[in-house]
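[1] Give me a model of this one.
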Amino acid sequence: MVVDDTPQNIQLLGQILSEQGYRILVATSGKQALFSLQKKRPDLILMDIMMPEMDGFEVCQRIKANADWADIPVIFISAKVEVEDKVKGFDIGAADYITKPFESVEVLARAQTHLKLKTTLAELQKRNQQLEAEIAQRQLAERQLVQAQKMEAIGKLAAGVAHEINTPMQFIGDCTHFMSDAFSGIEQVLEKYHLLLEAAENQTVSPQLIVDLKEVLEEADLDYLRKYLPEAFNDTAEGIKRVREIVTAMRDFAHPGTGQKERTDLNQIIEKAAALSRNEWKYVADIDLKLDPALPVVYCLPGELSRVIVNLVVNAAHAIAAANGDDLQAKGQITISTGQDGEWIEVRVQDTGTGIPEAVQPNVFVPFFTTKEVDKGTGQGLAMAQHTVVVQHAGDLSFETEPDQGTTFIIRLPLNLEAASE
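    Below is the predicted model of the structure:
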């Protein structure tokens, strides 16, 4: 589009550009240019500054203020040669500034340059949108993979969790049955005492009533009930607490999360992870939690870190089971400790298992690499653990190992992650 109130200038510019195959739109004033833009969108605008009613500066400002036109490059062609005018033109968004009188080759060169730049920018924007779509798709696929692996882990833990829940449910049921029988006996005693009280008030107490009361007292065995009923209540409460802990741990582990980091007590994450994986380690090892009570809260993805801890504990249990061999009475040791090291929070998961062979150590965090038997491992656990710690939390995951002595996996998380994220 050529915008100029002088017909000779329009004719000259039109001839220069049309000879090179460009199609020309003409506007003889700023208002006409803005009106024409509403109907047809040019790729480039060549515009004079000194025009009646509305000068080129104001027209350019209105073009750049409109989201639909803002990316159209504007080249001023003006007899105003002062530096202040050129600076003002660039300040309001002009792409270039040509002074009159001009050379046709200069006009063509600058027009071609800005058209190429516009085309390149459009291609870059299109490619950027494609990349953003690809990144979003990849992130979605990654989240789906993480959730699928989480559900796979839940599936593997499900039998053990069911067993862990079944044990407290068993003694909850036994205690409930005992309390039911106890209150049945107590109810009979109370009934006899009620009859005795009525008889005493009416002065009609019979020897048989006293004999009946003694019989139900003997049958109810109140001394025994006074001793063991409180224990039954406590055992029931403890069983309910144990079931609640397991269910809460499983819920937190399975929850897909919000994808947003939050300030979390890392010690609680570890306690729940240990409870959730208990059936994996209780037959082959004892677990010792050395959790620093003064540990600062951590800015993290709780569900993802829970999955990391569970994975490390299960791996430790498998390593200890391999070290125990056929000795079903042997038990190893898993120690999980937390502490602060300067600006870092450190978690150590130590086992007394087989250790990691030197030849295998370089591949520990390589996706799909596993030394376990078929159906025992996918080789994704430690790879995803490293991704969670290193990529999602700007931390570090490493290990120390000694063959036949055991392995310690070390998680380091930055205390300033919240500030870095913000």
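
[2] got a list of what Ile172 touches?
    Taking Cβ atoms under 8 Å, 6 or more residues apart in numbering, we find Ile172 in contact with Asp235, Thr236, Gly239, Ile240, Val243. The way it works is simple: take the backbone N, C-alpha and C, and place the C-beta from them, glycine included.

[3] for Phe365, same thing?
    Leu382, Ala383, Ala385, Gln386, Leu397.

[4] Check whether it sits in a helix, strand or coil.
    Classification of Phe365 by DSSP: H, G, I helix; E, B strand; the rest coil places it in coil.

[5] Buried by neighbour count, from the contacts of Ile172: which ones?
    Neighbour counting with 16 or more other Cβ atoms under 10 Å marks Asp235, Thr236, Gly239, Val243 as buried within those.

[6] Among those residues, find me the one that's closest to Gln38.
    Taking Cβ to Cβ as the measure, Gln38 sits nearest to Val243 out of these, at 69.7 Å.

[7] Contacts only, for that closest one.
    Ile165, Pro168, Met169, Ile172.

[8] Name the nearest of these relative to Ala294.
    Ranked by distance to Ala294 (Cβ to Cβ), these are led by Pro168 at 31.4 Å.

[9] that's a helix at that closest one, yeah?
    Yes: counting by three-state DSSP, Pro168 is part of a helix.

[10] Quick check: it touching Arg244?
    No: taking contacts as Cβ atoms under 8 Å, Pro168 lies outside contact range of Arg244: 9.6 Å.

[11] neighbour count winner among those two?
    Pro168 (20 against 11; other Cβ atoms under 10 Å).

[12] which residue packs closest to the more buried one, ignoring adjacent ones?
    Closest residue to Pro168 apart from its sequence neighbours, by Cβ to Cβ, 6 or more residues apart in numbering: Gly239 at 3.7 Å.

[13] Which of the helices or strands spans the one you found?
    Under the criterion of DSSP states H and E, Gly239 resides in helix 222-254.

[14] partners of the following helix or strand past that helix in the sheet?
    Next along the chain after helix 222-254, taking DSSP H and E as the criterion, comes strand 262-264. Paired neighbours of strand 262-264 in the sheet (DSSP bridges): strand 298-300 (antiparallel).

[15] what element comes up after the strand it pairs with heading to the C-terminus?
    With elements assigned by DSSP H and E, the helix or strand that comes after strand 298-300 is helix 302-324.

[16] What angle do helix 302-324 and the helix or strand following that following helix make with each other?
    Using DSSP H and E, the helix or strand that follows helix 302-324 in sequence is strand 332-341. Counting by axes from the mean of the first three to the mean of the last three Cα atoms, to 10 degrees, strand 332-341 lies at 140 degrees to helix 302-324.

[17] Any chance of a markdown table for the contacts of Phe365, columns neighbour count?
    Below are the contacts of Phe365 laid out as a markdown table (neighbours: other Cβ atoms under 10 Å):
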| residue | neighbour count |
| --- | --- |
| Leu382 | 23 |
| Ala383 | 18 |
| Ala385 | 23 |
| Gln386 | 19 |
| Leu397 | 22 |
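
[18] just these now: which is nearest Ile411?
    For the contacts of Phe365, the nearest to Ile411 is Leu397 (5.7 Å; Cβ to Cβ).
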